[in-house]
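Asks: Got a sequence here, can you build the structure:
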Amino acid sequence: MTAYDTIILGSSPNALTLAAYLAKAKQKVLVLEHSSNIGGAIATTSFAEGFQADLSLMSGQLDEVVVKELELDKHSLEVIERNTISSLLPNGQSFTLSKDRQAAREAIEKFAPNDAARYNDFMQLLDLASSLLRSAYNNIPPQAHNPSTSDQEQLDSLVGQLRGYGRREMTEVMRLLVMPVRDLLNEWFENTELKGLLGNLAIRSLTQGPFATGTTFSLLHHLAINDGYFRTTSKGGVGSIAKALATAAQSYGAEIRSSVEVKQVVIKDGAATGVELASGEVLEAGLVVSDYDAQYSFTKLIAPPELEPEFNRELQHVRYNGAVARINLALSALPDISTTGLSQEALQGTLVLAPSVTAIEKAFDCAKYGNVSAKPCLEVTIPSLTDPTLAPAGQHVMSIWVQYVAYKAKADGQSICKLALSQLSEFMPNLESLVLHKQVLTPQDFETQFHLTEGHLYGGDMTLAQAFFLRPIPGFAQYQTPIERFYLCGAATHPGGGISGLAGRNAAKQILGAEF
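Replies: Next comes the predicted model:
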């Protein structure tokens, strides 16, 4: 048997961030990944000869404090920005918004002058609200009851930041947190198509429609983790983020193993003492940390009888129901978008098929009854345009985010691909003729291959009812669990889904009892 200070189960960016911080603090750390991919589902792999694509999330960016503190600039992490977002609309009505707000305003002016006049003020309001969330995300959530002195200081700091916005802005920011994104957009804009493009962000990986209360919070969450309207990736795909973190962790002394299946966490007298592998080998550790979601951690890694009945009941209330399928296409050439009126430069950004807020809600209507949307919302990128390493010369990778594909539908991957290609062919008439190879991952695939409960890519729905001190379960938001010396660190914990690495950094603070 081998003894470690900490064994981490799973290797998402959060897990690897935690491993790097702990190893940097001179702990003996072991990371165990059950799949062959370092990064788990956050990986970029080959799906056809010469073609590489992201498996789950198509974008993401580590928080700048993680990059700085772990010196990731030394480990070949190169950020690629997608500076445009385009709405795919029929009859050549498509339009593109730029990250440059003045340019975006000028684009909106051509079809919605009144909305153009409001655009900058709208984005500035989102800046204020997402900045407040970002401040909260950089800290361990305060205790809901009997807050400590540091908890109180954190709350006072957030209140101070909010008051600093001024009375009017403070009121507006507080309203945003609970608003349906439909209501927010209706207050600000008139144009149906613009509202569809801006509203799509609010339901990304969420099993709700834009009419639901609190969907504006989901929008703000993505903005707060720098994965908003104008998305980023890294050279080599999002998997290179995990690779850079793994290299950093190893440089500090961490050990990382892939293709290792963990049978269970070993519990003695209510405390974790190590892990038992599927091979029968037992590894001892002072701490065990799970990168997996709460459902998997407390039903597969730890047997429910080890937990109090009340905790097990709370566990059953966590909402998952993944609703996203992912498609990667190997293309022989770039698709023809001449019928859309979009420039070729638009292909370097993100293309969105969400023509209105009502269309998004109708797409959700199918999913809420456990079906696949007849007209799903799509996000499309061609990452090989800005990163030629992903495809052979002259050829390309197209990556498609399909929502809603309800987990309960147990959908067939090929039928989902046919549906998406049918929708996109309206705007890219030669697309199907360009397809050399296909890769489709459904919610069932994400659950089977990566132990993501119900195939949810964010460790559970990002709603106010499952955020801050309520994530993953009320009373256990500080990364600790009812099992002594057993912690959680992944997307299921505060601040939630994405690739910011902040959950791993916060878990490191809790484990080490230190600020950094």
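Asks: ok but residue 173 is inside a helix, no?
Replies: Yes: according to DSSP: H, G, I helix; E, B strand; the rest coil, residue 173 belongs to a helix.
Asks: How about the contacts made by it?
Replies: Listed by CB atoms under 8 Å, 6 or more residues apart in numbering, the contact partners of residue 173 are 125, 128-129, 132, 162, 165. C-beta here means a position set from N, CA and C on the backbone, and glycine is covered the same way.
Asks: and with 7 Å instead?
Replies: Contacts for residue 173 (CB atoms under 7 Å, 6 or more residues apart in numbering) come out as 128-129, 132, 162, 165.
Asks: What of residue 492?
Replies: By CB under 7 Å, 6+ apart, the residues touching residue 492 are 293-294, 459-460, 472.
Asks: 8 Å instead, please
Replies: 292-294, 297, 459-460, 471-472.
Asks: How confident is the prediction for the closest residue to it other than its chain neighbours, by pLDDT?
Replies: Excluding its sequence neighbours, the residue lying closest to residue 492 (CB to CB, 6 or more residues apart in numbering) is residue 459, at 3.5 Å. Listed pLDDT for residue 459 reads 96.
Asks: re the thing from before, going by distance to residue 219, which of the contacts of residue 173 wins?
Replies: residue 129 (9.1 Å; CB to CB).
Asks: Quick check: mean pLDDT of the helix or strand hosting that closest one?
Replies: If you go by DSSP states H and E, residue 129 is part of helix 113-137. Helix 113-137 comes out with an average pLDDT of 97.
Asks: After that helix, which helix or strand is next? Please name it.
Replies: Per DSSP H and E, the first helix or strand lying C-terminal to helix 113-137 is helix 149-163.
Asks: hmm, who's touching that following helix?
Replies: So helix 149-163 is contacted by 131-132, 135-136, 139, 142-143, 147, 170, 173-174 (CB under 8 Å, 6+ apart).
Asks: and if we set it to 7 Å?
Replies: For helix 149-163, contacts defined as CB under 7 Å, 6+ apart pick out 132, 135-136, 139, 142-143, 147, 170, 173.
Asks: Just the buried residues of it, please?
Replies: Residues 151, 154, 158, 161-162 are the ones in helix 149-163 that count as buried (16 or more other CB atoms under 10 Å).
Asks: Between helix 113-137 and that helix, find me the angle.
Replies: Relative orientation of helix 149-163 versus helix 113-137 (axes from the mean of the first three to the mean of the last three CA atoms, to 10 degrees): 160 degrees.
Asks: Check the offset of stretch 307-318 from the chain's centre.
Replies: Relative to its parent chain, stretch 307-318 has a centroid offset of 25 Å by CA atoms, centre = their mean, to the nearest Å.
Asks: So which bits of the helix holding residue 129 are buried?
Replies: The neighbour-count check on helix 113-137 (16+ other CB under 10 Å) flags 115-116, 118-119, 122, 125-126, 128-130, 132-134, 136-137 as buried.
Asks: Equivalent analysis for stretch 381-388, please.
Replies: Taking 16+ other CB under 10 Å as the criterion, stretch 381-388 shows 381-387 as buried.
Asks: Span of it from start to end?
Replies: With CA to CA, to the nearest Å applied, stretch 381-388 spans 14 Å between its terminal residues.
Asks: cool, stretch 137-156 as well?
Replies: The straight-line separation of the ends of stretch 137-156 (CA to CA) is 15 Å.
Asks: in the chain, which helix or strand is least confident?
Replies: helix 149-163 (a mean of 87; mean pLDDT, DSSP states H and E).
Asks: chain center to that one, what's the gap?
Replies: 27 Å.
Asks: Over to stretch 338-352?
Replies: The answer for stretch 338-352 is 24 Å, by CA atoms, centre = their mean.
Asks: tell me which residues in it are buried?
Replies: Buried, per 16+ other CB under 10 Å, within stretch 338-352: 340, 342, 346-352.
Asks: circling back to that earlier point, determine how far the helix holding residue 129 lies from the middle of the whole chain.
Replies: Counting by CA atoms, centre = their mean, helix 113-137 is centred 21 Å from the centre of its parent chain.
Asks: Run through the neighbouring helices and strands of that helix.
Replies: Helices and strands touching helix 113-137, by 3 or more CB pairs under 7 Å, 6 or more residues apart in numbering; DSSP states H and E, are helix 101-109, helix 149-163, helix 167-176, helix 215-224.
Asks: how about these, which one is nearest residue 79?
Replies: Of the helices and strands packed on helix 113-137, nearest to residue 79 by CB to CB is helix 215-224, at 16.9 Å.
Asks: Could you export the closest one as PDB, keeping only the C-alpha atoms?
Replies: Only the C-alpha atoms of helix 215-224 are listed here, as PDB (Å, rounded to 0.1, in the frame of the first residue of the first chain):
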ATOM      1  CA  THR A 215     -32.500  32.200 -16.000                       C
ATOM      2  CA  THR A 216     -30.800  35.600 -16.000                       C
ATOM      3  CA  PHE A 217     -28.600  34.200 -13.200                       C
ATOM      4  CA  SER A 218     -27.500  31.500 -15.600                       C
ATOM      5  CA  LEU A 219     -26.500  34.100 -18.100                       C
ATOM      6  CA  LEU A 220     -24.600  36.000 -15.500                       C
ATOM      7  CA  HIS A 221     -22.800  32.900 -14.400                       C
ATOM      8  CA  HIS A 222     -21.400  32.300 -17.800                       C
ATOM      9  CA  LEU A 223     -20.300  36.000 -18.000                       C
ATOM     10  CA  ALA A 224     -18.700  35.700 -14.600                       C
END
